[in-house]
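Asker: Build me a model:
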Amino acid sequence: MNTWNIIVEGFNKAEVTKHESIFSLGNGAMGMRANFEEDYTGDTLQGSYIGGVYYPDKTRVGWWKNGYPEYFAKVLNAPSWIGLHIKIDGELLDLNTCLEVKNFRRQLNMKEGWYERNFTATLPNGVEIAVKVVRLLSLRYDEIGALRYEISPLNADTSIEIESYLDSGIKNNDANWDEHFWNTLEISSENNCATILAETKKTTFKVQTFMENHFFIEGKELNISGKENRKENYIGLQYGVTVKQNQTFCIEKYGGYTPLTKSKTLSKVRDAQALTFERLLEMQKEDWATIWETSDIVIEGDEKAQQGIRFNIFQLNQTYQGKYAHLNIGPKGFTGEKYGGSTYWDTEAYCLPFYMATKGAEVARNLLLYRYKQLPQAIENAQKLGFTGGAALYPMVTMNGEECHNEWEITFEEIHRNGAIAFAIYNYTRYTGDESYLKEYGMEVLIAIARFWAQRVNFSEEKKQYVILGVTGPNEYENNVNNNFYTNYLASWCLSYAATMALKYKSEKQWVTIKEVKEWSDIVEHMYLPYSEKYDVYLQQDGFLDKDLKPVSAIPTGERPLNQHWSWDRILRSPYIKQADTLQGFYFFEERFTKEQLQKHYEFYEPFTVHESSLSPCVHSVLASALGKTEEAYALYLRTARLDLDDYNKEVHEGLHITSMAGTWLSIVEGFAGMRVKNGALTFTPRLPKQWKRLSFKVIFRGEVKEVII
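Answerer: Prediction:
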């Protein structure tokens, strides 16, 4: 196994879409699936995506309820620039129709940031060719990508016709109403270059897609011009050459996206092309070397674990670089369309620590500012649900601050996301020591969130305590429950933290009245937390013990994952936990519980947890490490680290699980290394799996790079 490369050999049509996800490329500003450049008539999910460019796809539900968002924001499948129609002696190159495909190999070089594909194919006309393709998306010029496509005829002199094209007539695979989301405004071409200026419907994002083509035989550049083939939403440049047996014909194609005018676009492309493909590749290697300097984790003695964590770190860096404050981290990044490419609470709960420790406080601060800038929309979201006085409910799913998730049990009830945003502010301050963010921005967010919680609770006369009714916790296999432990505990903590910080910084501003602080304190003091004396554990929610408490081991293997085999009704009535819920609270607030309490709760809930959310195994792994259950933690680590590489949930074809990859990093740094921040300093309680001989990594802590070796 190669720990710096993902390599797959052999052409399997059934796995094409899966590998399109795994070999995806991105540079923080745009990304693309590993689609074939040439035509392919087999099963494929074409996908190129631009950060921040989205479409408000009209909500499609069977009924409408007050407060529903009107749309589900979707990152758009952008106009394609990589496409090549290739004919060999008049026969279209299509691996789906070739007589034979051999020596097929994909390689993702994670150390240097490029992707390569090789194959030998025999076309229906009997011509045999060898093909080698190298592709990159430049980190330094993040509007630009480049590919080199080489063809070598193996059994005869051959005529090759190649049409390099741009296509804006694409659709999203997941469009609610099968809409076409782009209007093509202008198409042009000159001197082996072409552009398409397109605009998104409704959101009116103007994007220019461009390409420039260069050709070589045996390394010598050819001076040939393309014949234009213009259609609606399409521009192709056609070329023809004769290539002798065993010679190599090559096209180097530069392309990408920019909001600039056409003349500036072509100038910028030419500036990059003047560096040559080789120089762009060298720059890519240099830039990735800089990233790996602070983000690499080295595991000695376990190649499977090593490859897994590097793949996770690589994809996280492809998704988000921290250069643009208007961008965030979607659960699928640039690798697929599921979840719409929008921002979830995953960013605050899982991703912030990774970027904070590997890229520094400024990048983490940008992630917090993203939410601060959307506070007006969060207040508006709360107003739509009947909250007043500046209370804010941050959206479950968003592109611009508006709620755009259209499932009621999520949109209205999964309100714990508010608490994750408050916790991220606390986590940032604790880790960086930077209190300026709190005073300048964070307090406004904390107060607005606290005002939401103060209105969302109600006082139960029967219990003589405050309760929170009708919620869905992180465990989405239980909807519309009362008194979810994690939600109630998090709400109480948010109120306490907001009050404490408001009093601490009262000299800066009178954030709240004494009356409001007293109301919050009363809620904190009298918050109801469901508890079982029999088991001496906090209950997931009211009524959890009424379920048929059979462990996960009782489920036949063929019925997993549950969401692909059971009805939703059956899942909701079961005790099975999709992801860490009660234990999510123990993870966030570990210092508030004893080790004995953690052990009781872990051993009670782990047998019921199916880990069918990608965000679950990492939290359990960190907690298992803290309890000294190192081998159990290791098994959970492998599940999260290799979730996509080994396709545990049989859904990688839809895209990678980007945000849970940050959880993989947590399972090593906070789990096996036991890193914590205590009294302004880093502490470590290492517990390495027996398979590991040595673990080393770096973290940026309060402006200094610290190297950790265990």
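
Asker: what comes up buried for stretch 521-541?
Answerer: 523-524, 526-528, 530, 537-541 (16 or more other Cβ atoms under 10 Å). In this view, the C-beta of every residue, glycine as well, is placed from N, C-alpha and C.

Asker: tell me the two of these that are most distant?
Answerer: Ile523 and Val537 (23.3 Å; Cβ to Cβ).

Asker: about what we covered before: got JSON lines for the buried residues of stretch 521-541, with distance to Ser80 too?
Answerer: Converted to JSON lines, the buried residues of stretch 521-541 look like this (distance: Cβ to Cβ, whole Å):
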{"residue": "Ile523", "distance to Ser80": "54"}
{"residue": "Val524", "distance to Ser80": "54"}
{"residue": "His526", "distance to Ser80": "58"}
{"residue": "Met527", "distance to Ser80": "53"}
{"residue": "Tyr528", "distance to Ser80": "55"}
{"residue": "Pro530", "distance to Ser80": "52"}
{"residue": "Val537", "distance to Ser80": "53"}
{"residue": "Tyr538", "distance to Ser80": "51"}
{"residue": "Leu539", "distance to Ser80": "51"}
{"residue": "Gln540", "distance to Ser80": "46"}
{"residue": "Gln541", "distance to Ser80": "47"}
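
Asker: contact partners of stretch 493-505?
Answerer: 418-419, 422-423, 426, 438-439, 442-443, 446-447, 449-450, 453-454, 511-512, 517, 520-521, 523-524, 589 (Cβ atoms under 8 Å, 6 or more residues apart in numbering).

Asker: rewinding a little: just checking, which of the buried residues of stretch 521-541 belong to strands?
Answerer: 537-538 (DSSP state E).

Asker: Which stretches in the stretch 251-400 of the chain count as helices?
Answerer: Counting by DSSP state H, counting those that start in this stretch, the stretch 251-400 of the chain has these helices, from start to end: 262-273, 276-295, 303-319, 346, 352-358, 361-373, 375-384.

Asker: Make CSV out of those and add mean neighbour count.
Answerer: Below are those laid out as CSV (neighbours: other Cβ atoms under 10 Å):
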stretch, mean neighbour count
helix 262-273, 16
helix 276-295, 16
helix 303-319, 23
helix 346, 24
helix 352-358, 25
helix 361-373, 20
helix 375-384, 19
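
Asker: If any of the contacts of stretch 493-505 are buried, give me the ChimeraX selection for them.
Answerer: In ChimeraX, a selection of the buried entries from the contacts of stretch 493-505 looks like this (16+ other Cβ under 10 Å):
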select :418,419,422,423,426,438,442,443,446,447,449,450,453,454,511,512,517,520,523,524
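
Asker: Filter the contacts of stretch 493-505 down to the ones in helices?
Answerer: 418-419, 422-423, 426, 443, 446-447, 449-450, 453-454, 517, 520-521, 523-524 (DSSP state H).

Asker: where does this protein dip in pLDDT?
Answerer: 61-64, 177, 260-270, 272-273 (pLDDT under 70).

Asker: Just name whatever secondary elements the host helix or strand of Arg230 is in contact with.
Answerer: Using DSSP states H and E, Arg230 sits in strand 227-231. For strand 227-231, the elements it packs on are strand 182-190, strand 234-243, judged by 3 or more Cβ pairs under 8 Å, 6 or more residues apart in numbering; DSSP states H and E.

Asker: who touches the shortest one?
Answerer: Same thing as strand 182-190. So strand 182-190 is contacted by 76, 79, 168-170, 194-201, 206, 226, 228, 230, 232-235, 237, 262 (Cβ under 8 Å, 6+ apart).

Asker: isn't Gly470 right up against Asn482?
Answerer: Yes. Using Cβ atoms under 8 Å, Gly470 is in contact with Asn482, at 6.9 Å.

Asker: thinking again about what came up before, nearest approach to Ala146 belongs to which of the helices of the stretch 251-400 of the chain?
Answerer: helix 276-295 (5.4 Å).

Asker: by how many degrees do the closest one and helix 303-319 diverge?
Answerer: 110 degrees (axes from the mean of the first three to the mean of the last three Cα atoms, to 10 degrees).

Asker: what are the C-alpha coordinates of helix 276-295, in PDB please?
Answerer: Extracted as PDB, the C-alpha positions of helix 276-295 are listed here (Å, rounded to 0.1, in the frame of the first residue of the first chain):
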ATOM      1  CA  THR A 276       4.200  25.800 -19.100                       C
ATOM      2  CA  PHE A 277       2.300  22.800 -17.900                       C
ATOM      3  CA  GLU A 278       5.500  21.500 -16.200                       C
ATOM      4  CA  ARG A 279       6.000  24.800 -14.300                       C
ATOM      5  CA  LEU A 280       2.400  24.700 -13.100                       C
ATOM      6  CA  LEU A 281       3.000  21.200 -11.900                       C
ATOM      7  CA  GLU A 282       6.200  22.300 -10.100                       C
ATOM      8  CA  MET A 283       4.300  25.100  -8.400                       C
ATOM      9  CA  GLN A 284       1.600  22.700  -7.400                       C
ATOM     10  CA  LYS A 285       4.200  20.500  -5.700                       C
ATOM     11  CA  GLU A 286       5.700  23.500  -3.900                       C
ATOM     12  CA  ASP A 287       2.400  24.700  -2.600                       C
ATOM     13  CA  TRP A 288       1.300  21.200  -1.400                       C
ATOM     14  CA  ALA A 289       4.700  20.800   0.300                       C
ATOM     15  CA  THR A 290       3.900  24.000   2.300                       C
ATOM     16  CA  ILE A 291       0.500  22.700   3.300                       C
ATOM     17  CA  TRP A 292       1.900  19.300   4.400                       C
ATOM     18  CA  GLU A 293       4.500  21.000   6.500                       C
ATOM     19  CA  THR A 294       2.000  21.800   9.200                       C
ATOM     20  CA  SER A 295      -0.900  19.400   8.400                       C
END
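
Asker: Quick one: list the elements packing against it.
Answerer: Looks like helix 276-295 contacts strand 128-137, strand 144-153, helix 303-319, strand 694-701 (3+ Cβ pairs under 8 Å, 6+ apart).

Asker: how distant is stretch 354-362 from the center of its chain?
Answerer: 17 Å (Cα atoms, centre = their mean, to the nearest Å).

Asker: List the contacts of that stretch.
Answerer: Outside stretch 354-362, the residues touching it (Cβ under 8 Å, 6+ apart) are 294-295, 313, 316, 320, 322, 363-364, 367, 428, 431-432, 434, 662, 665-666, 669, 698-703.

Asker: so how far is the strand holding Arg230 off the chain centroid?
Answerer: 37 Å.

Asker: Sweet, I'm off.
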